[in-house]
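[1] Structure, please.
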Amino acid sequence: MKTSKKKHSICMISDFFFPNMGGVESHIYQLSQCLLDLGHKVIVVTHMYGKKRRGIRYLSNGLKVYYLPFPPFYNQCILPTMYVTFPLLRNIYIREEITIVHGHSSFSTLAHEGMLHARTMGIPTVFTDHSLFGFADASSIVTNEILRFSLGDCTHVICVSHTSKENTVLRAQIKPDNVSVIPNAVDATMFTPDPSQRNPNKITIVLVSRLVYRKGIDLLAGIIPKITQKYPDVQFLIGGSGPKELILEEVREQYQLHDRVQLQGALEHSQVRDVLVQGDILLNTSLTEAFCIAIVEAACCGLKVVSTNAGGLYLYRLKH
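    From the prediction side, this is the model:
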């Protein structure tokens with residue numbers, strides 16, 4: 001006699017989710033869809049995005065998303081308050097009969113607070129770390145202390161690469177046996193090649209990323225003028241938004257590259273494939289990266305990949 005596996009009510013919680021675009025957002029969405037297909041109940045909890053994206057919304061396959069009335073404070077994360085979020089999160093956990101709370105990203109204030117409140121209610125917690133951090137600079141020291149406190153009694157931790165696991169174990173001072181490595185994946189049926197969308201007279205270099213410092217946007221701004229000057233048939237197509245977008249706009253203006261450097265701005269998840277298929281090469285300039293999901297998406301779309309040799313990307317290159 002076959003015994004049926006227990007079905008869970010899972011709460012994915014993070015500051016990073018759609019309509020914001022990035023690897024963490026895509027990972028949460030895709031993972032939620034797979035868990036729904038397996039028969040589990042899944043909800044997503046994140047903060048509000050402007051006045052229009054607030055309250056409860058439903059995405060594909062009935063995925064329920066709570067956009068809590070907390071505005072982002074810095075770098076798309078809410079202000080750390082410890083207990084201001086507790087009444088709402090407690091209400092959601094009880095209403096949805098949550099059995100597992102799954103936090104995402106070391107940067108996410110909401111994830112750490114949501115996991116803390118879950119543990120006080122006796123709900124098992126899982127945490128997925130998507131990033132690499134250092135140990136010497138002030139930002140890393142503070143973040144590592146928060147991570148050590150947050151993961152001290154976490155039920156289980158997931159990292160997206162072996163490099164990420166080593167980094168997380170050292171930073172959070174947790175037992176390696178409590179950490180699993182599950183690489184990121186994408187739905188290949190959503191990222192299919194379409195050569196007809198490419199410009200046959202140009203070589204199009206695509207970058208789809210958050211435009212922030214750790215993604216190497218300063219490096220990108222430095223190489224754009226050199227490449228465009230040396231290769232007249234090369235153009236850049238850049239998707240994403242962030243504080244470093246202004247630097248790219250300044251470079252485009254200074255070198256009069258309006259016809260060769262296209263800034264697409266923030267992208268919806270459904271638009272990423274449409275941007276990728278226009279390119280010949282995906283460029284990744286990350287200064288630190290645990291696992292770049294954009295590389296996998298680009299490979300599915302038939303693009304060649306050029307990347308910095310940073311963090312988990314080095315091991316990825318060796319294995320492939």
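[2] Make sure Thr163 is indeed in a helix.
    Yes. Per DSSP: H, G, I helix; E, B strand; the rest coil, Thr163 lies within a helix segment.
[3] What does the pLDDT read for it?
    In this model, Thr163 is scored at 86, pLDDT.
[4] That one: neighbouring residues, count only.
    21 (other C-beta atoms under 10 Å). All C-beta spots, glycine's among them, are computed from the backbone N, C-alpha and C.
[5] Now do the helices in the stretch 1-150 of the chain.
    With helices called from DSSP state H, counting those that start in this stretch, the stretch 1-150 of the chain shows them at 23-37, 86-95, 109-120, 138-150.
[6] And those helices: which comes nearest Pro183?
    Of all the helices of the stretch 1-150 of the chain, it is helix 23-37 that lies closest to Pro183, at 10.7 Å by C-beta to C-beta.
[7] which residues of the chain score low on pLDDT?
    For the chain, applying pLDDT under 70 flags the ranges 1-4, 311-320.
[8] For it, which segments count as strands?
    For the chain, the strands defined by DSSP state E occupy 9-13, 41-47, 55-59, 63-68, 100-104, 125-129, 156-159, 179-181, 203-208, 234-239, 261-265, 281-284, 304-307.
[9] and among the ones you listed, the most buried is which?
    Most buried of those by mean neighbour count (mean count of other C-beta atoms under 10 Å) is strand 100-104; its value is a mean of 26.
[10] Now Ala290, what are its backbone angles?
    Main-chain torsions, Ala290, degrees, to the nearest 10: phi -80, psi -40.
[11] Next up, the contacts around it.
    Counting by C-beta atoms under 8 Å, 6 or more residues apart in numbering, Ala290 touches Asp129, His130, Ser131, Leu132, Cys159, Val160, Ser161, Thr163, Ser164, Asn167, Gly311, Gly312.
[12] mind giving me JSON lines with those residues and columns for distance to Val44?
    Below are the contacts of Ala290 laid out as JSON lines (distance: C-beta to C-beta, whole Å):
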{"residue": "Asp129", "distance to Val44": "18"}
{"residue": "His130", "distance to Val44": "16"}
{"residue": "Ser131", "distance to Val44": "19"}
{"residue": "Leu132", "distance to Val44": "25"}
{"residue": "Cys159", "distance to Val44": "21"}
{"residue": "Val160", "distance to Val44": "19"}
{"residue": "Ser161", "distance to Val44": "24"}
{"residue": "Thr163", "distance to Val44": "27"}
{"residue": "Ser164", "distance to Val44": "22"}
{"residue": "Asn167", "distance to Val44": "26"}
{"residue": "Gly311", "distance to Val44": "27"}
{"residue": "Gly312", "distance to Val44": "25"}
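[13] quick one on the thing from earlier: now for the helices of the stretch 1-150 of the chain, which one comes closest to Ala266?
    So among the helices of the stretch 1-150 of the chain, helix 23-37 is nearest, using C-beta to C-beta, at 11.1 Å.
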